[in-house]
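Trainee: Let's see this in three dimensions:
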Amino acid sequence: MTRAAAVPETPAPGEPMGKTSSGVRTDFLDGLLGYNARRTSLHLVSSFVRDLTDLQLKPVGFSLLCLVGHNPGITSRQLCQTLDIQPPNLVGLVSALTERGCLQRLAHPTDGRAWGLHLTAQGESLLAQAETRILASERQACAGLTGAEQATLKQLLQKIYLA
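Mentor: Residues are numbered from 1 along each chain as shown. I've put the predicted structure just below:
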């Protein structure tokens, strides 16, 4: 059976042949931005999980701690909008981190209906450890890129998801 969008037999000059170590051709997939973004994400998330397992933090929990730590008093609504998650999903995350002694809810200074989230001393310590590890992990994962290339990559990725 032939495919409508056939992959050329040879890559463009200067481009590597898309094959895995098992000899599977990946030319078409290698040309897709989404495929490459997903493969990169899997690599980075795998490193993240490995580096933060003993701290019992997953990516979304780390993101939540980071946002609260850098935005004391942030509301649940702001967290949902920033992390692009549904309120019911946030409730469980906040509850788990509160039970761990990392977060506390305090009355919001200007909105009597809202609570602001703040890190406890334990939460600040956990965040400091996690941020240190994540920075080291990203440095290692991106060692093949120059600082300028890393900045460009971040800018281009953000251009897509912030559009």
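
Trainee: Quick one: mean pLDDT for stretch 142-149?
Mentor: Averaging pLDDT along stretch 142-149 gives 95.

Trainee: for stretch 50-65, that is, sorry about that
Mentor: Stretch 50-65 shows a mean pLDDT of 95.

Trainee: Just the C-alphas of it, formatted as CSV.
Mentor: Output of stretch 50-65 as CSV, limited to C-alpha atoms (Å, rounded to 0.1, in the frame of the first residue of the first chain):
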residue,chain,number,x,y,z
ARG,A,50,14.0,10.9,38.3
ASP,A,51,15.4,14.0,40.0
LEU,A,52,12.4,14.9,42.1
THR,A,53,11.0,11.4,43.0
ASP,A,54,12.5,11.5,46.5
LEU,A,55,10.9,14.9,47.1
GLN,A,56,7.5,13.4,46.1
LEU,A,57,6.9,16.1,43.5
LYS,A,58,5.5,15.7,40.1
PRO,A,59,5.7,18.4,37.4
VAL,A,60,2.3,20.0,38.1
GLY,A,61,3.0,20.0,41.9
PHE,A,62,6.4,21.6,41.3
SER,A,63,4.7,24.2,39.0
LEU,A,64,2.2,25.0,41.7
LEU,A,65,4.8,25.4,44.4
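
Trainee: mind checking the end-to-end distance for stretch 22-35?
Mentor: 18 Å (CA to CA, to the nearest Å).

Trainee: again, but for stretch 92-106
Mentor: End-to-end distance of stretch 92-106 (CA to CA): 18 Å.
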